[in-house]
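# sequence plus predicted model, see below.
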Amino acid sequence: MRTSVPGDPASLAAAGGTARRVSRDLVALHGRGTTAYGSLGEVWGTSTSVRTRKQGRRAMDAVTEVGRHADVVGEALQAYAAELSELQARARAVLDAAAATGLVVEEGRVREQWGVTGEADHRTVSERDARARALQAELDAVAVQHRRRRDRLLAGLARSRQELEDVAAALRLG
């Protein structure tokens with residue numbers, strides 16, 4: 001693995017864009033549906049019409065809520081994609097800096113390469129060790145930020161899922 005920050009920012013951004021497009025489509029559907037249900041009263045004046053229009057309003061309200069969630073989720077995915085891209089760039093910079101100083105990053109740890117890496121000079125070894133510690137600190141900071149941002153995204157998605165389950169239950173129960 002080239003970077004220690006997993007994920008595909010392009011796919012996340014595309015998924016976010018799709019969710020936001022669906023949101024816009026649902027807003028348009030809400031408008032058309034509301035107009036259609038509203039016009040029923042003009043041509044059909046029975047109690048069945050009243051019940052149908054009431055159910056239609058509830059359905060259109062649910063469409064609005066789903067559209068709002070689609071937009072929120074899409075925005076969150078796109079924001080996370082941008083953050084992930086930045087974190088991956090920082091991780092790649094650490095990998096490149098490590099390689100330039102004769103160090104490697106394996107399983108999230110900055111280490112000295114195997115084999116002969118130069119003369120046994122105390123000052124050079126001390127400088128390389130200090131550089132390894134600095135690179136490890138940067139890599140650790142990137143990993144912590146990645147976990148926090150991923151956890152924030154997952155918590156937001158879980159909240160949205162729960163709220164949508166509540167909307168679905170309310171729609172089923174009438």
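That came through fine.
# which ones are touching residue 64?
26-27, 30 (CB atoms under 8 Å, 6 or more residues apart in numbering). (C-beta placed from N, C-alpha, C; glycine too.)
# and with 10 Å instead?
By CB atoms under 10 Å, 6 or more residues apart in numbering, the residues touching residue 64 are 26-27, 29-31, 33-34, 167.
# buried ones from those, can you make that a PyMOL selection?
To isolate the buried members of those in PyMOL, using 16 or more other CB atoms under 10 Å:
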select buried, resi 26+30+33+34+167
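# residue 150: which of the contacts of residue 64 is nearest?
Nearest to residue 150 among these, counting by CB to CB, is residue 167 at 25.9 Å.
# and the helices in this protein?
9-43, 47-100, 122-173 (DSSP state H).
# and the angle for the last one with helix 47-100?
By that I understand helix 122-173. 170 degrees (axes from the mean of the first three to the mean of the last three CA atoms, to 10 degrees).
# what residues sit buried inside stretch 153-171?
Neighbour-count burial for stretch 153-171, counted by 16+ other CB under 10 Å, picks out 153, 156-157, 160, 164, 167, 171.
# report how many residues lie close to residue 54.
The local packing of residue 54 (other CB atoms under 10 Å) involves 12 other residues.
# give me the below-cutoff pLDDT ranges for the chain.
Residue ranges of the chain with pLDDT under 70: 1-3, 115-119.
# run the last query once more with 90
For the chain, the stretches with pLDDT under 90 are 1-5, 30-58, 101-102, 107-108, 111-129, 170-174.
# and the residue most central in space within the chain, what is it in contact with?
By CA atoms, centre = their mean, the mean C-alpha position of the chain lies nearest to residue 77, the distance being 3.2 Å. Residue 77 sits next to 11-20, 153, 156-157 when contact means CB under 10 Å, 6+ apart.
# again, 7 Å this time
Residues near residue 77 by CB atoms under 7 Å, 6 or more residues apart in numbering: 12, 15-16, 19.
# from the residues you listed, which is closest to residue 148?
The closest of those, once distances to residue 148 are taken by CB to CB, is residue 12, at 16.4 Å.
# number of residues surrounding the closest one?
21.
# ok, the nearest residue to it once chain neighbours are set aside to residue 135 distance?
Spatial nearest neighbour of residue 12, excluding adjacent residues (CB to CB, 6 or more residues apart in numbering): residue 81 at 3.8 Å. Residue 81 is 26 Å from residue 135, where distance means CB to CB, to the nearest Å.
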